[in-house]
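*Asks:* Output the structure for:
(one chain, ligands or ions: 1)
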Amino acid sequence: DVSKLEYLKVEVTPEKVGLITLNRPKALNALCEELIEELNMVTRDMDEDDDVGAMVITGSDRAFAAGADIKQMKDRPFSEVSGRNMFAPWAELSRRRKPTVAAVNGFALGGGCELAMMCDMIIAGETAQFGQPEILIGTIPGCGGTQRLVRSVGKSKAMMMCLTGERVGAQEMLTAGLVAKVMPAEETLPEALRLAGKMASLSRPIVAACKEAVNAAYETTLDQGVLFERRLFHATFATEDQKEGMSAFSEKRAPEWRHR
Ligand code: HXC
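*Replies:* Residues are numbered from 1 along each chain as shown. Just a heads-up that it's a prediction; the model follows:
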């Protein structure tokens, strides 16, 4: 029930985009456990909802998210942090089948940067700032920051960010490859919605296969990844939408996707 959400605002656009706005302004959208629970619930529902083809996660002008909630975790004993595997639920977002876009303005720090990196792509406003400042408060990234940063920006920049905690601007993150596109701040969300709307207008099973194939590049060797991609590519030929897409091209008309 969307009306009961405390930390998120949620809507579905006519273009079939599920828009999720992190809404904890007093704490710069610090990601407390309850917020992550809500996010998991909402994105799970959207993943199953035929009226949603892609999702956009955004924050406020000032902050996408300033990290995990420091006040909530600061006094937890090791036995609990480890015993309950603190932050394990965060990984759910990276298992969604539909495309996810992070629209980032302002701070994306610590868990906020990690959350953005769990999305399929990041669209950033010119004033966005990314960072892994955990080292400054006596800990290290705990939700993939050290791993995903290396994969997107390389070891040297990832080391610099994780070991100094210094923030890096949107333009620099674009050059480094963390960010897909940089926009004037007021156009960040519209552009993210446009891209998500485009993906939502395409064939669902084909988009899902494509996402799966790109994600395989993270996990496997090149040989295995190329083989995985080839198998999925062959599999698209078992769908009506591949026949429709290629027929439409040949007949010089717009495709009418069967599965969307
Ligand atoms: C809890 C937070 C918070 C956080 C900000 N706030 N970040 N509360 N957890 N991560 C709260 C502040 O306490 C303050 O509340 C209010 O939000 C506004 O923040 P200010 O600091 O007053 O704003 P400003 O001076 O503009 O500074 C913005 C900032 C700073 C640079 C983003 O807030 C900051 O450094 N935040 C922490 C960033 C960080 O270290 N993130 C990593 C967290 S660890 P009050 O009540 O005082 O007004 C992490 C681990 C991840 O993410 C592990 C796996 C998920």
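*Asks:* Could you use CA atoms for every contact and neighbour count after this?
*Replies:* Noted.
*Asks:* neighbours around the residue in the stretch 151-260 of the chain that the ligand sits nearest to, how many?
*Replies:* Closest approach between the stretch 151-260 of the chain and the ligand, counting by C-alpha to the nearest ligand atom: residue 165, at 8.5 Å. Applying other C-alpha atoms under 10 Å, we find 20 other residues in the vicinity of residue 165.
*Asks:* Quick check: the gap between it and residue 10.
*Replies:* Residue 165 sits 32 Å away from residue 10, taking C-alpha to C-alpha, to the nearest Å as the criterion.
*Asks:* cool, residue 122 as well?
*Replies:* For residue 122, the distance to residue 10 (C-alpha to C-alpha) stands at 19 Å.
*Asks:* Packing partners of the helix or strand harbouring residue 182?
*Replies:* Applying DSSP states H and E as the criterion places residue 182 in strand 181-183. Under the contact criterion of 3 or more C-alpha pairs under 8 Å, 6 or more residues apart in numbering; DSSP states H and E, strand 181-183 touches strand 121-125, helix 170-176.
*Asks:* winner for burial among these?
*Replies:* strand 121-125 (a mean of 26; mean count of other C-alpha atoms under 10 Å).
*Asks:* Show me what from the protein comes close to the ligand.
*Replies:* Residues of the chain found near the ligand (C-alpha under 6 Å from any ligand atom) are 26-28, 30, 66-71, 87, 109-111, 133-134, 141-143.
*Asks:* one more time with 5 Å
*Replies:* 27-28, 30, 66-70, 110-111, 134, 141-143 (C-alpha under 5 Å from any ligand atom).
*Asks:* Count the residues that sit near residue 8.
*Replies:* Residues contacting residue 8 under the criterion other C-alpha under 10 Å number 24.
*Asks:* Would you agree it is in contact with residue 29?
*Replies:* No. With contact defined as C-alpha atoms under 8 Å, residue 8 does not reach residue 29; the gap is 9.7 Å.
*Asks:* mind checking pLDDT for the spatially most central residue of the chain?
*Replies:* Compute the mean C-alpha point of the chain, and by C-alpha atoms, centre = their mean the closest residue is residue 119, 1.3 Å away. At residue 119, the model reports a pLDDT of 98.
*Asks:* and the closest residue to it other than its chain neighbours, how far is that from the ligand?
*Replies:* Leaving aside its chain neighbours, residue 119 sits nearest to residue 100 (5.1 Å; criterion: C-alpha to C-alpha, 6 or more residues apart in numbering). In this structure, residue 100 lies at 18 Å from the ligand, with C-alpha to the nearest ligand atom, to the nearest Å as the measure.
*Asks:* ok, now which ones touch residue 100?
*Replies:* Taking C-alpha atoms under 8 Å, 6 or more residues apart in numbering as the criterion, residue 100 is in contact with 54, 55, 56, 57, 119, 120, 121, 196.
*Asks:* Now do the contacts for the closest residue in space to residue 186 that isn't next to it in sequence.
*Replies:* Excluding the flanking residues, the one nearest residue 186 by C-alpha to C-alpha, 6+ apart is residue 125, at 7.5 Å. Residue 125 makes contact with 103, 104, 105, 106, 170, 182, 183, 184, 185, 186, 187, 188 under the criterion C-alpha under 8 Å, 6+ apart.
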